[in-house]
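> What follows is a predicted protein model with its sequence.
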2 protein chains.
Amino acid sequence: MQSFELNKTDILKIKQALEGEDKDLLLLLSDYHASEIAIIFESLSLDSQKKIINLLPIELASEIISEMNPEAHPEELLIDLDPEKRQEIVEELDYDDATDIISQMDAEDQKEILEDLDKEDATNIRNLLNYPEDTAGGLMNTQLIKIDLQMSKKQAIDEIILQSEEIEEFYTIYVVDKTDTLQGIVSLKDIIKSKADISIADLVNKDFVFVKADVDQEEVADLISQYNLTSIPVVDANMKLLGRVTFDDVIDVIEEESTEDMLKISGVSEDEELSGNWQDAVKSRLPWLILNLGTAFLASSVIRYFEPTLSQVVVLTGYMTIIAGMGGNAATQALAVTVRRITLSDLSDNQAYRTVVKEFTVGLINGGVSGIIVFLFAFLYDGNPLLGLVIFLAMTGNLMIAGLTGAGIPLLLKRVGIDPAIASSIIITTFTDVFGFLILLGLASKLLL
Amino acid sequence: MQSFELNKTDILKIKQALEGEDKDLLLLLSDYHASEIAIIFESLSLDSQKKIINLLPIELASEIISEMNPEAHPEELLIDLDPEKRQEIVEELDYDDATDIISQMDAEDQKEILEDLDKEDATNIRNLLNYPEDTAGGLMNTQLIKIDLQMSKKQAIDEIILQSEEIEEFYTIYVVDKTDTLQGIVSLKDIIKSKADISIADLVNKDFVFVKADVDQEEVADLISQYNLTSIPVVDANMKLLGRVTFDDVIDVIEEESTEDMLKISGVSEDEELSGNWQDAVKSRLPWLILNLGTAFLASSVIRYFEPTLSQVVVLTGYMTIIAGMGGNAATQALAVTVRRITLSDLSDNQAYRTVVKEFTVGLINGGVSGIIVFLFAFLYDGNPLLGLVIFLAMTGNLMIAGLTGAGIPLLLKRVGIDPAIASSIIITTFTDVFGFLILLGLASKLLL
């Protein structure tokens, strides 16, 4: 089995079928899983999406909408549907999925949709809309299976079968007391295996992992990943059960957080949508470039200071860019390894210290090796061993600084509670530019004039 | 509840307890979950790890070893234990975890450990050792629950209870025929809900997702993520059931693949261990730096060509580094966004074309704005509007090239089947260096001399 890849043939066939008879389109669509149609939707116009949604049974239509990439804007599709169809679809959606989509609409559309729903659905979604999107409360689903601590085996099984009518996958069964306070968890397997006269209170596992609703989504992802959980219960300050976050939501969070890290160290705002338009991209990146422009003026003021040296030894200019470029790349290497390491696990002081020493050593060795190559070039091509020595020293020194700052600055930021990934390559390369030029031109003005 | 963070106090308390009486140490350890002790192990010596493993019950000891970060080298701890203890621990481990750890040992240690095991365990692990680590076969676990298609409801429940003795979480029940060929899946819930006289053949869901053993782990992760599966069955060419991959293995794969992407675009080999030693880091990064050195010589040869211009307009040198640096950073921004986008979803030809146009537009705007700033500086500070014009044009041109190559090259690589993330910033910045210098110095030699 292959995971579904967007294929020109699939798109073409569906586009053709959209022109033809409804029954042929339906037949063709029956070959695809809801999550596959959601991917195909990204290549279709809003009108075509609408036509397909209107043709399909409500259950499938709502599954497609819940599987759509948020960047493909399922909320626009939903707004565009007939009110009646829309209401049926929203009622079929899981509360967390409905909330995610509705939260993207403006206040007026939200109001209109919520007014059409039955009271219970509307209240549930309104409650969920109150939690920030990137917290446990924002991620959680309120549909789950819960049973009472005092139930007998028989009552519990009947209750589970009844509640599971509305839930496709329940993973864990939550056990609550009369006040809806979470007491523990139990698995269907343990209930089945138990003797007939047992009560749930005898089976409940009271040693379980949970989160408060305001906990950050990254924290929730860490817990699910660390304890290998299929789902984690979300509670309020009094341990009242509010909902649960499932592993599939967390897989999305992990992908999202990795994307943010990668963007941040590359000098892109973490909230830039990957498939956003150019206006968003300019807004997200121009501030970083302006910051870089400021630091570049700093580096270029070093060059200006040494202008007399440069005008006498013009060949230095070519080497200058080589040394600055190498320093920037070595710093980016050290930065990427260190930031990723900090993200995946916390480092003790001792580990942090050893990381900096390691990166400094790597800079020394890589700088030395690269330094020998540029030395040989200056010696053999430019016929100037003293120039070679100056360049060798500048290269080695700059790569040592690259290692030191590439590892040291994100670790320092983490220590004082700032996101280490904002130590983007733009900030780190300022150090290697300024120090690279200082070492090279400083040494050159002493030794070569 | 908070996810466990490595805390100096925890480590200190445990280090102190290691010096004291065993019963106090045991009491202290009872406060921690196995996955937490596994994290604490990263800060302890091999001898301390061994002492703790020897003190704890086999079940907990093996859970700690299976939860240890591969980079903390659980295989070294295992080799160091008494043969008897080691055998007990390996027998308690899930086959996939045991295989992962044993695969890190040299052939002699592998042989010694496998010889100590009972025949069934040894055969299972030997079979798993044959699959490459990064395939479905290498990820899968052979422990699962399977029942026969012909079983009655009662037989099936008895069989599930029996088999579940050895498996903590089974998620899905696999249905096979007499030849162990996979026929479908069924959930415990569906069996419980069914009428008493039903056969499994009536309940089985034949529309399920599966993978062949040689499928790449990234593909497996995509399937589990796309279809929101807790586990996916692994089969051979004849649909014989070999094992299953569970969502928790896939969370690790997703984190691993994100790390590799981030390292690759930063010019670090994808297989560098984040916590490896400096020797490994030099081996992983020096080749990229040497490559960069080669491309930097190329850029510096442009500068050498224009040496007469530079020696007459020395002030150009400072602007040169600003324009090269800005181009490099803008290219890295476009590269990070494009590579991450390609990784998370496939782009149609039309989407790819629009991405390149978008990045080109972003480069034009960001280059224009930055260009105006440097123009003003050259005009007001250096008092030379013509110099300002040259720099404005070079900045805008270079940032357009940055957008074009930062988006175009990874998309091109993907199209011809090469991993787009190897279009690292090292390769992309060569373009911005060379073209940046060419535009700036070429224009300067025409307009300023």
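In hand now; what should we look at?

> center of chain A - which residue?
residue A:256 (1.6 Å; CA atoms, centre = their mean).

> Can you classify residue A:354 as helix, strand or coil?
helix (DSSP: H, G, I helix; E, B strand; the rest coil).

> what helix or strand is the residue nearest to the centre of chain A on?
helix A:247-265 (DSSP states H and E).

> Now for residue A:206: which residues touch it?
Applying CB atoms under 8 Å, 6 or more residues apart in numbering or on different chains, we find residue A:206 in contact with A:183-184. (C-beta placed from N, C-alpha, C; glycine too.)

> from what I can see, residue A:241 looks like it's in a helix, true?
No: using three-state DSSP, the assignment for residue A:241 is strand, not a helix.

> which residues does it contact?
Contacts for residue A:241 (CB under 8 Å, 6+ apart) come out as A:144, A:146, A:174, A:176, A:180-182, A:233-235.

> surely residue A:38 meets residue A:67?
Yes: using CB atoms under 8 Å, residue A:38 is in contact with residue A:67, at 3.8 Å.

> which parts of stretch A:146-164 are buried?
Within stretch A:146-164, the residues scored as buried using 16 or more other CB atoms under 10 Å in any protein chain shown are A:146-149, A:151, A:153, A:156-157, A:159-160, A:163-164.

> Give me the residues contacting it.
By CB under 8 Å, 6+ apart, stretch A:146-164 touches A:145, A:170, A:173-178, A:180, A:183, A:186, A:188, A:191-192, A:194-201, A:204, A:241, B:189, B:192-193.

> Drop anything exposed from the residues you listed.
Neighbour-count burial (16+ other CB under 10 Å) applied to the contacts of stretch A:146-164 gives A:145, A:170, A:173-176, A:180, A:183, A:186, A:188, A:191-192, A:194, A:198-200, A:204, A:241, B:189, B:192-193.

> Show the average pLDDT along the helix or strand hosting residue A:377.
Here residue A:377 sits within helix A:349-380, counting by DSSP H and E. Taken as a whole, helix A:349-380 has an average pLDDT of 94.

> Is chain B within reach of it?
Yes: using CB under 8 Å from any CB of the partner chain, we find that helix A:349-380 touches chain B at A:349-351, A:358-359, A:361-362, A:365-366, A:369-370, A:373-374, A:377.

> gap between the helix or strand following that helix and the chain center?
Remark: after helix A:349-380, the chain's next helix or strand is helix A:385-415, criterion DSSP H and E. In terms of CA atoms, centre = their mean, to the nearest Å, the centre of helix A:385-415 is found 31 Å from the chain centre.

> after helix A:385-415 comes which helix or strand?
The C-terminal neighbour of helix A:385-415 among helices and strands, as given by DSSP H and E, is helix A:425-447.

> now the angle from that following helix to helix A:247-265?
Taking axes from the mean of the first three to the mean of the last three CA atoms, to 10 degrees, helix A:425-447 and helix A:247-265 form an angle of 30 degrees between their directions.

> Can you list the helices and strands that helix A:425-447 packs against?
Using 3 or more CB pairs under 8 Å, 6 or more residues apart in numbering or on different chains; DSSP states H and E as the contact test, the elements touching helix A:425-447 are helix A:278-305, helix A:307-312, helix A:316-344, helix A:385-415, helix B:316-344.

> I'd like the ones you listed laid out as JSON lines, including mean neighbour count, mean pLDDT and distance to residue B:403.
Formatted as JSON lines, the helices and strands packed on helix A:425-447 follow (neighbours: other CB atoms under 10 Å in any protein chain shown; pLDDT from 0 to 100; distance: least, CB to CB, whole Å):
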{"stretch": "helix A:278-305", "mean neighbour count": "18", "mean pLDDT": "91", "distance to residue B:403": "9"}
{"stretch": "helix A:307-312", "mean neighbour count": "16", "mean pLDDT": "88", "distance to residue B:403": "31"}
{"stretch": "helix A:316-344", "mean neighbour count": "27", "mean pLDDT": "90", "distance to residue B:403": "19"}
{"stretch": "helix A:385-415", "mean neighbour count": "24", "mean pLDDT": "94", "distance to residue B:403": "26"}
{"stretch": "helix B:316-344", "mean neighbour count": "27", "mean pLDDT": "90", "distance to residue B:403": "5"}
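
> and residue B:108, which of those helices is closest to it?
Distance to residue B:108, taken as CB to CB, is lowest for helix A:316-344 among these, at 31.9 Å.

> picking that back up, residue B:31 is nearest to which of the helices and strands packed on helix A:425-447?
Across those, closest to residue B:31 is helix A:316-344 (CB to CB), at 24.4 Å.

> Quickly note the distance from residue A:209 to residue A:185.
Distance of residue A:209 to residue A:185, computed by CB to CB, to the nearest Å: 9 Å.

> Over to residue A:299?
According to CB to CB, residue A:299 stands 58 Å off from residue A:185.

> Please apply the same query to residue A:362.
Using CB to CB, one gets 47 Å for the distance from residue A:362 to residue A:185.

> And these two? Which one has more around it.
A side-by-side neighbour count of residue A:362 and residue A:185, using other CB atoms under 10 Å in any protein chain shown, places residue A:362 first with 29 against 24.

> just checking, that one touches residue B:284?
No: with contact defined as CB under 8 Å, residue A:362 does not reach residue B:284; the gap is 9.4 Å.

> ok, back up a step: want to throw the contacts of residue A:241 into a markdown table with pLDDT, secondary structure and distance to residue A:448?
As requested, the contacts of residue A:241 are arranged in a markdown table below (pLDDT from 0 to 100; DSSP: H, G, I helix; E, B strand; the rest coil; distance: CB to CB, whole Å):
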| residue | pLDDT | secondary structure | distance to residue A:448 |
| --- | --- | --- | --- |
| A:144 | 91 | coil | 74 |
| A:146 | 94 | strand | 79 |
| A:174 | 96 | strand | 76 |
| A:176 | 95 | strand | 80 |
| A:180 | 91 | coil | 80 |
| A:181 | 94 | strand | 78 |
| A:182 | 96 | strand | 74 |
| A:233 | 96 | strand | 70 |
| A:234 | 95 | strand | 67 |
| A:235 | 94 | strand | 70 |
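
> Give the rounded mean pLDDT of whichever helix or strand residue A:59 is part of.
Element membership of residue A:59, judged by DSSP H and E, is helix A:58-67. For helix A:58-67, mean pLDDT rounds to 92.
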